[in-house]
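Colleague: sequence isn't available, so here's the structure alone:
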């Protein structure tokens with residue numbers, strides 16, 4: 001792609017037209033450059049283009065396009081138009097694929113085997129642990145993990161894939177140069193190094209609420225299936241599940257505590273026919289992928305390998321649900337100082353993890 005064509009794609013992206021409208025323009029005139037060379041009368045022949053849209057196309061090239069060219073180079077971002085051979089095939093199949101993708105990192109052939117994991121931003125430790133574990137195990141089997149880079153389940157999913165040394169893709173509801181949420185800056189850098197951070201929105205696009213639902217169609221669109229891990233009845237994760245169903249993708253859901261409203265969305269999906277998932281194996285079987293004889297990588301130290309009996313006893317009491325220190329003391333029968341010291345040792349070994357409220361859980 002020469003610089004003139006690249007400018008035209010960037011300019012078309014800056015108009016933020018509906019994806020099907022932008023695609024209709026490119027198809028009608030044969031390319032982005034020709035779109036901006038068309039007369040008003042010629043533009044009127046494109047039914048999807050409104051009068052407001054025509055006015056946008058006829059405006060002079062914005063100065064921001066030159067800055068966009070610089071940012072592509074400065075940030076190491078690749079612009080992939082829908083006409084390019086490396087544009088994801090699965091995204092071309094959806095109703096309204098973006099005309100361009102801004103990609104930090106790279107897409108590979110292996111990303112054709114992708115599963116999305118999404119869920120609540122206000123996830124419990126249980127939800128975070130399950131999402132991380134399933135992500136880790138799927139990535140360990142060679143699948144790419146797709147999510148939205150948000151707090152909560154999305155972050156756990158990305159981290160699980162990275163811990164396994166696998167690939168993960170984050171679709172953003174803002175410009176690819178905008179770090180949102182801010183605390184995930186280092187996470188996005190890690191994702192770009194071993195996968196891709198992607199947006200359909202132009203540089204500088206803020207994380208406005210209206211951008212996230214359309215972003216969700218890309219998370220499901222590029223994937224073979226979508227796992228919902230902890231979701232209330234009204235959430236963006238359920239929007240993603242809806243897109244997945246419309247796109248003919250598999251929908252999976254993780255069950256949880258029936259008294260926690262953050263699980264009601266998942267339970268509703270299961271009642272409606274979504275596959276109940278407890279482990280990565282459930283998803284692999286549903287996709288018809290042979291997991292092979294090798295078990296997923298065990299990243300935390302197995303209890304059996306602990307040489308100290310007190311460590312084994314305390315570790316065996318813990319699960320993915322937080323347990324208060326007082327309860328650990330009561331159930332173990334050990335003195336409080338001994339329990340405190342043993343928990344510290346177990347945390348250093350990566351067997352347990354401390355969580356808010358003076359409680360502990362088993363580490364992944």
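Modeller: Here it is on my side, so go on. In this text the structure is predicted, and so the values were computed from the model without any measurement.
Colleague: which residues of the stretch 201-350 of the chain fall in strands?
Modeller: With DSSP state E, counting those that start in this stretch, the ranges of strands along the stretch 201-350 of the chain come out as 225-229, 250-254, 275-276, 323-324.
Colleague: look at residue 170 and tell me its secondary structure.
Modeller: For residue 170, the assignment made with DSSP: H, G, I helix; E, B strand; the rest coil gives strand.
Colleague: that one contacts residue 191, doesn't it?
Modeller: Yes - under the criterion of CB atoms under 8 Å, residue 170 lies in contact with residue 191, with a separation of 5.2 Å. In short, each C-beta sits where N, CA and C put it, glycine included.
Colleague: so which of the strands of the stretch 201-350 of the chain is the most surrounded?
Modeller: For the strands of the stretch 201-350 of the chain, the stretch with the most neighbours on average is strand 225-229, a mean of 29; neighbours defined as mean count of other CB atoms under 10 Å.
Colleague: chain center to it, what's the gap?
Modeller: Taking CA atoms, centre = their mean, to the nearest Å, the mean C-alpha location of strand 225-229 is offset from the chain mean by 10 Å.
Colleague: report the mean confidence score over that strand.
Modeller: Per-region confidence: strand 225-229 scores 97 on mean pLDDT.
Colleague: and stretch 196-206, by the same measure?
Modeller: Mean pLDDT, taken over the full extent of stretch 196-206, equals 98.
Colleague: same check on stretch 77-86?
Modeller: Averaging pLDDT along stretch 77-86 yields 97.
Colleague: hmm, who's touching it?
Modeller: The list of residues contacting stretch 77-86 from outside it, by CB atoms under 8 Å, 6 or more residues apart in numbering, reads 1, 6, 9-10, 23, 26, 31-32, 71-72, 87, 92, 97-104, 106-107, 176-177.
Colleague: can you do 7 Å?
Modeller: Applying CB atoms under 7 Å, 6 or more residues apart in numbering, the contact partners of stretch 77-86 are 6, 9-10, 23, 71-72, 87, 92, 97, 99-104, 107, 176.
Colleague: just the buried subset of the residues you listed, written out for PyMOL, thanks.
Modeller: Selecting only the buried entries of the contacts of stretch 77-86 in PyMOL, with 16 or more other CB atoms under 10 Å as the criterion:
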select buried, resi 6+9+10+23+71+72+87+97+99+100+101+102+103+104+107+176
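Colleague: keep only those of the contacts of stretch 77-86 that are in helices.
Modeller: Secondary structure assignment (DSSP state H) places 6, 9-10, 23, 71-72, 92 from the contacts of stretch 77-86 within helices.
Colleague: which of those residues sit farthest apart?
Modeller: Largest separation among the ones in helices among the contacts of stretch 77-86 by CB to CB: 71 and 92, giving 25.8 Å.
Colleague: the domain parsing of the chain - what is it?
Modeller: The chain breaks down by automatic domain parsing into domains covering 1-65, 109-287, 303-362.
Colleague: so residue 53 sits right up against residue 20, yeah?
Modeller: No - using CB atoms under 7 Å, residue 53 is not in contact with residue 20, being 11.7 Å away.
Colleague: compare those two (neighbour count), which wins?
Modeller: Comparing residue 53 with residue 20 by neighbour count (other CB atoms under 10 Å), the higher total belongs to residue 53, at 18 against 13.
Colleague: that one: what's its closest spatial neighbour, skipping adjacent residues?
Modeller: In space, not counting the residues next to it along the chain, residue 53 is nearest to residue 17; the distance is 5.7 Å by CB to CB, 6 or more residues apart in numbering.
Colleague: I'd assumed residue 55 was in contact with the one you found.
Modeller: No - contact status for residue 17 versus residue 55: not in contact, 11.6 Å apart, counting by CB under 7 Å.
Colleague: pull the longest helix from this structure.
Modeller: In the chain, assigned by DSSP H, the helix with the most residues is helix 125-140.
Colleague: list the buried ones in the next helix or strand after that helix?
Modeller: Counting by DSSP states H and E, the element after helix 125-140 in chain order, helix or strand, is strand 144-147. For strand 144-147, burial by neighbour count (16+ other CB under 10 Å) applies to 144-147.
Colleague: dump those to JSON lines, plus pLDDT and distance to residue 345.
Modeller: Supplementary listing: the buried residues of strand 144-147 in JSON lines, determined by pLDDT from 0 to 100; distance: CB to CB, whole Å:
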{"residue": "144", "pLDDT": "96", "distance to residue 345": "36"}
{"residue": "145", "pLDDT": "98", "distance to residue 345": "32"}
{"residue": "146", "pLDDT": "98", "distance to residue 345": "37"}
{"residue": "147", "pLDDT": "98", "distance to residue 345": "34"}
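Colleague: closest to residue 124 out of the residues you listed?
Modeller: Of all the buried residues of strand 144-147, residue 147 has the smallest distance to residue 124: 17.5 Å, by CB to CB.
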